[in-house]
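1. quick one, what's the 3D model for this:
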Amino acid sequence: MVPEPEKKQRLVLIDGHSLVYRAFFALPSLTDREGKMVNAAYGFTSMLLLALQEHPDYVLASFDLGGVTFRHQQLAQYKATRRPTPGELTAQFPITRDIVRAFGIPIYEVRGVEADDVIGTLVTQARARGLHSTIVTGDLDALQLVDDDAFVLTSKRGVSETILYTPERVRDRYGLEPVQTVDLKGLVGDVSDNIPGIRGIGEKTAIKLIQEFGSVEELVRNRERVTAPKVRKLLDEFGEQALLSKRMATIVRDVDVELDLSRGSARDYRPDAARTLLADLGFRSLAARVPATWRDSSTMSAPPILAPPPSNGATQPTLALETVRAGAVAVLREQAEVAALARRLGSAERFGFQVVLADELPRKGRIAGLVVAIGDEVFYLPTAHEEERCLPLEAVLDDLRPVLTAARPAKM
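-> Numbering: from 1, shown residues only. Presented below is the predicted three-dimensional model:
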């Protein structure tokens, strides 16, 4: 639960783009009754309900509208290595926008400005107006905004397990002040955004340097004081690149957008419209968890995400929605967990197994993950997600191959 700020009204800011993106790559394929992919919309709505569970006074959302940003202009390679957005993901952004509007939540978007920068600006304005903010996001870029008046809530595993970053938690994890996390990116870079940093300086070294010098600017300015010859040479050669990388990773806080508190409060909440839309999408368990008011959290527990294979042995191209009892899906990220799962499979009567592809070509597509179901228990093994810590595919297959190729147990 979010620590209650003293007598301050509370604003929740939903980073729509990052949550949808994370949900798409974190969850296996989920389809609606027409066969359209809806896994990202489903996971996004799960996070939205968890955010409402914190009883905010105001809620708003922001999405990327696309277009060239100042980052692309200053760093031509910015996000250049990202694969094209899959069509099945692109098609879910309008759905999630419709879901947000159905709840009565306003959307803030600015062409050519990333959602991070819109949110950073709105958090700054909220702080000036005496509000406490919680940013709900799928990545850690927003940690630089954390202070006593702004926390970050992000998903830790999949979309159902979350972690709340307060100033103290950021310090515990990194040994840095929240605002210094952007200096960390300046030195080590960001693979997902193709921000270079300085190749050869790892996270541990970077943290020590920031702790000693305070910022990338001070480090570059006083690099002659660095005792390690290799690091000093890297700073001589790539100091300007580190400064540019920090600018690319720094969230802008003065975008031309205005926080409007006449919208997005509890009086704008529309539970009936939200339930209707979610039911139309086939999200019946989510619709049942939409509370009557923002103050009613009795129906907001996290919904089921995956379903086991059908018991009649029929195959299915994707996992159907809403057919499993509420419970957490186990996302395995350690090889020892895979080995333990393989042993369980060997002693089971039968189990369900599905391959989730990252591409649309069945024979040539990359394997994004594997889904295994034993009874009502569902396990997901991510192997090729761009923004997730994944298992090595070959090692996973080595552990599972004996039980997959054996005549018993039965497989579905």
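2. now do the strands in the stretch 51-200 of the chain.
-> Ranges of strands in the stretch 51-200 of the chain, per DSSP state E, counting those that start in this stretch, are 58-62, 107-108, 132-137, 150-157, 161-165.
3. and these as CSV, adding distance to V252, mean neighbour count and mean pLDDT?
-> For glycine as for every other residue, the C-beta is placed from the backbone atoms N, C-alpha and C. Listed next are the strands of the stretch 51-200 of the chain as CSV, based on distance: least, Cβ to Cβ, whole Å; neighbours: other Cβ atoms under 10 Å; pLDDT from 0 to 100:
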stretch, distance to V252, mean neighbour count, mean pLDDT
strand 58-62, 13, 27, 95
strand 107-108, 14, 21, 96
strand 132-137, 15, 26, 94
strand 150-157, 15, 22, 85
strand 161-165, 20, 16, 86
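4. in JSON lines: the ones you listed, plus distance to Q92.
-> As requested, the strands of the stretch 51-200 of the chain are arranged in JSON lines below (distance: least, Cβ to Cβ, whole Å):
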{"stretch": "strand 58-62", "distance to Q92": "15"}
{"stretch": "strand 107-108", "distance to Q92": "15"}
{"stretch": "strand 132-137", "distance to Q92": "17"}
{"stretch": "strand 150-157", "distance to Q92": "17"}
{"stretch": "strand 161-165", "distance to Q92": "21"}
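5. nearest to L341, of those strands?
-> Nearest to L341, of all these, is strand 150-157, at 15.6 Å by Cβ to Cβ.
6. ok and the closest one relative to strand 161-165, angle-wise?
-> 150 degrees (axes from the mean of the first three to the mean of the last three Cα atoms, to 10 degrees).
7. how far does strand 150-157 sit from the chain's center?
-> 9 Å (Cα atoms, centre = their mean, to the nearest Å).
8. check which helices and strands that strand sits against.
-> Applying 3 or more Cβ pairs under 8 Å, 6 or more residues apart in numbering; DSSP states H and E, one finds that strand 150-157 contacts helix 16-26, helix 39-52, helix 115-128, strand 132-137, strand 161-165.
9. among these, which comes closest to E258?
-> Nearest of the helices and strands packed on strand 150-157 (Cβ to Cβ): helix 115-128, 7.3 Å.
10. show the average pLDDT along stretch 230-246.
-> Averaged across stretch 230-246, pLDDT comes to 90.
11. what comes into contact with that stretch?
-> 74-75, 182-183, 185-187, 189-190, 195-201, 205, 209, 216-217, 219-220, 223-224, 226 (Cβ atoms under 8 Å, 6 or more residues apart in numbering).
12. for that stretch, list the C-alpha coordinates in PDB.
-> Extracted as PDB, the C-alpha positions of stretch 230-246 are listed here (Å, rounded to 0.1, in the frame of the first residue of the first chain):
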ATOM      1  CA  LYS A 230      41.100   2.900 -17.600                       C
ATOM      2  CA  VAL A 231      38.000   4.800 -16.400                       C
ATOM      3  CA  ARG A 232      39.900   8.100 -16.600                       C
ATOM      4  CA  LYS A 233      40.700   7.300 -20.300                       C
ATOM      5  CA  LEU A 234      37.100   6.400 -21.000                       C
ATOM      6  CA  LEU A 235      36.000   9.700 -19.500                       C
ATOM      7  CA  ASP A 236      38.500  11.600 -21.600                       C
ATOM      8  CA  GLU A 237      37.300   9.900 -24.800                       C
ATOM      9  CA  PHE A 238      33.500   9.700 -24.100                       C
ATOM     10  CA  GLY A 239      32.800  12.300 -21.500                       C
ATOM     11  CA  GLU A 240      30.700  14.400 -23.900                       C
ATOM     12  CA  GLN A 241      28.800  11.200 -24.900                       C
ATOM     13  CA  ALA A 242      28.000  10.600 -21.300                       C
ATOM     14  CA  LEU A 243      26.700  14.200 -21.000                       C
ATOM     15  CA  LEU A 244      24.500  13.700 -24.100                       C
ATOM     16  CA  SER A 245      23.200  10.400 -22.800                       C
ATOM     17  CA  LYS A 246      22.200  12.000 -19.500                       C
END
